[in-house]
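Chemist: all I have is the shape, not the residue letters:
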């Protein structure tokens with residue numbers, strides 16, 4: 001039987017089955033969104049680096065989140081744009097595995113960063129006098145390194161389990177990037193172990209972190225009830241921004257990887273992934289900047305500085 005198998009060396013990403021005119025329209029629209037994603041996240045990164053008032057633990061983690069969102073978009077969107085112009089253009093086996101690894105790394109890391117950010121808000125609001133001691137720079141760096149390391153190792157585990165599988169055709173992935181579940185459908189071997197590991201990883205990286213975030217915010221809400229009006233408004237502004245991002249990210253992740261697949265056809269799944277890997281990175285910095293007075297203040301100071309220097 002193995003002699004009749006031809007090993008797959010490249011894949012075709014089917015993307016969205018649309019007409020040529022619609023594909024050109026989507027190419028222009030998605031290119032605009034992609035540029036906006038890079039711009040707004042780049043602005044957030046630039047503000048945090050240039051404004052010393054933003055050199056705090058909260059913005060340190062926000063800079064990591066912005067970097068993850070940039071790399072997220074760079075990993076999936078360019079390939080999708082290429083496929084809209086040339087649907088038959090293949091992606092190599094190595095390129096597909098690399099894209100899967102990067103997507104999983106960034107997804108896992110973002111989950112853990114959101115938990116770390118909720119812990120930072122918890123310490124800042126519930127233990128304000130000990131905040132600088134608990135969230136010192138060494139702790140912040142260790143938490144960031146732990147998030148990236150854990151995310152990378154878990155992604156490496158998934159990809160290692162995929163690499164042991166034979167792919168002998170067909171070579172068409174019904175997706176706009178090499179998403180792990182879509183890739184597994186093409187394997188000509190038993191993939192039960194892969195799916196069990198994916199479900200276990202979802203519990204570890206999605207359900208448990210979400211529970212930790214909810215526990216943190218239950219304590220935060222209890223403290224906010226007894227704070228002064230001004231302190232409550234400032235804390236609520238940053239916490240509500242974080243909760244919006246948490247809701248968008250974890251909600252879409254749970255629907256895609258843990259909800260019964262029979263209720264969500266493949267085309268609907270692709271739309272959810274489009275939101276998850278494309279619009280989330282664009283919306284995250286907008287949510288933080290529009291509801292955060294410190295970020296808006298840093299932007300105003302930078303613009304005023306640029307205007308004054310241009311006048312001179």
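Modeler: Sure thing, it's come through. Quick caveat: nothing in here was measured; it's all calculated off a predicted structure.
Chemist: tell me which residues in the longest helix belonging to the chain are buried?
Modeler: Scanning the chain for the helix with the most residues, using DSSP state H, yields helix 93-126. Of all the residues in helix 93-126, those buried under the rule 16 or more other C-beta atoms under 10 Å are 93, 96-97, 99-125. In this view, the C-beta of every residue, glycine as well, is placed from N, C-alpha and C.
Chemist: same question for stretch 147-154.
Modeler: For stretch 147-154, burial by neighbour count (16+ other C-beta under 10 Å) applies to 147-148, 150-152, 154.
Chemist: pLDDT value on residue 140, please?
Modeler: At residue 140, the model reports a pLDDT of 95.
Chemist: pull the distance from the following helix or strand past the longest helix of the chain to the chain's centre.
Modeler: Per DSSP states H and E, the first helix or strand lying C-terminal to helix 93-126 is helix 131-134. Averaging C-alpha positions (C-alpha atoms, centre = their mean, to the nearest Å) puts helix 131-134 28 Å from its chain's average.
Chemist: repeat that for stretch 30-50.
Modeler: Put simply, stretch 30-50 sits 14 Å off its chain's centre (C-alpha atoms, centre = their mean).
Chemist: before we move on, the earlier item: packing partners for the longest helix of the chain?
Modeler: Here helix 93-126 touches strand 10-13, helix 57-85, helix 131-134, helix 137-163, helix 180-184, helix 208-224, helix 229-257, going by 3 or more C-beta pairs under 8 Å, 6 or more residues apart in numbering; DSSP states H and E.
Chemist: would you list those in a markdown table and tack on distance to residue 301?
Modeler: Compiled in a markdown table, the helices and strands packed on helix 93-126 are given as follows (distance: least, C-beta to C-beta, whole Å):
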| stretch | distance to residue 301 |
| --- | --- |
| strand 10-13 | 44 |
| helix 57-85 | 14 |
| helix 131-134 | 24 |
| helix 137-163 | 23 |
| helix 180-184 | 43 |
| helix 208-224 | 28 |
| helix 229-257 | 18 |
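Chemist: mean pLDDT lowest where, among these?
Modeler: Per-segment mean pLDDT for those reaches its minimum on helix 229-257, at a mean of 69.
Chemist: quick check: buried residues in the very next helix or strand once past that one?
Modeler: Downstream of helix 229-257, the next assigned helix or strand under DSSP H and E is helix 266-274. When burial is assessed from 16+ other C-beta under 10 Å, helix 266-274 yields the following buried residues: 269-270, 272-274.
Chemist: swap in stretch 239-253?
Modeler: In terms of neighbour count (16+ other C-beta under 10 Å), stretch 239-253 has its buried residues at 239, 241-243, 245-246, 248-250, 252-253.
Chemist: just those residues now: which is nearest residue 278?
Modeler: The closest of the buried residues of stretch 239-253 to residue 278 turns out to be residue 252 (C-beta to C-beta; 11.0 Å).
Chemist: now for the closest one: which residues touch it?
Modeler: By C-beta atoms under 8 Å, 6 or more residues apart in numbering, residue 252 lies in contact with 272, 275-276, 280.
Chemist: and if we set it to 6 Å?
Modeler: If a contact means C-beta atoms under 6 Å, 6 or more residues apart in numbering, then residue 252 has 272, 275-276 as its contacts.
Chemist: return the member of the buried residues of helix 266-274 nearest to residue 213.
Modeler: The closest of these to residue 213 turns out to be residue 272 (C-beta to C-beta; 20.8 Å).
Chemist: from residue 79, how far out is that closest one?
Modeler: Counting by C-beta to C-beta, to the nearest Å, the gap from residue 272 to residue 79 is 18 Å.
Chemist: try residue 32
Modeler: With C-beta to C-beta as the criterion, residue 32 and residue 79 are 17 Å apart.
Chemist: got it, and residue 251?
Modeler: Distance, residue 251 to residue 79, using C-beta to C-beta: 25 Å.
Chemist: repeat for residue 216
Modeler: 36 Å.
Chemist: coming back round to it: residue 32 and residue 79: who's more crowded?
Modeler: The residue with more neighbours, out of residue 32 and residue 79, is residue 79; 20 against 10, by other C-beta atoms under 10 Å.
Chemist: which one is that one nearest to, not counting chain neighbours?
Modeler: Using C-beta to C-beta, 6 or more residues apart in numbering and skipping residues adjacent in sequence, the residue nearest residue 79 is residue 177, 5.7 Å away.
Chemist: next, the one you found: secondary structure please.
Modeler: Of the three states, residue 177 takes coil under DSSP: H, G, I helix; E, B strand; the rest coil.
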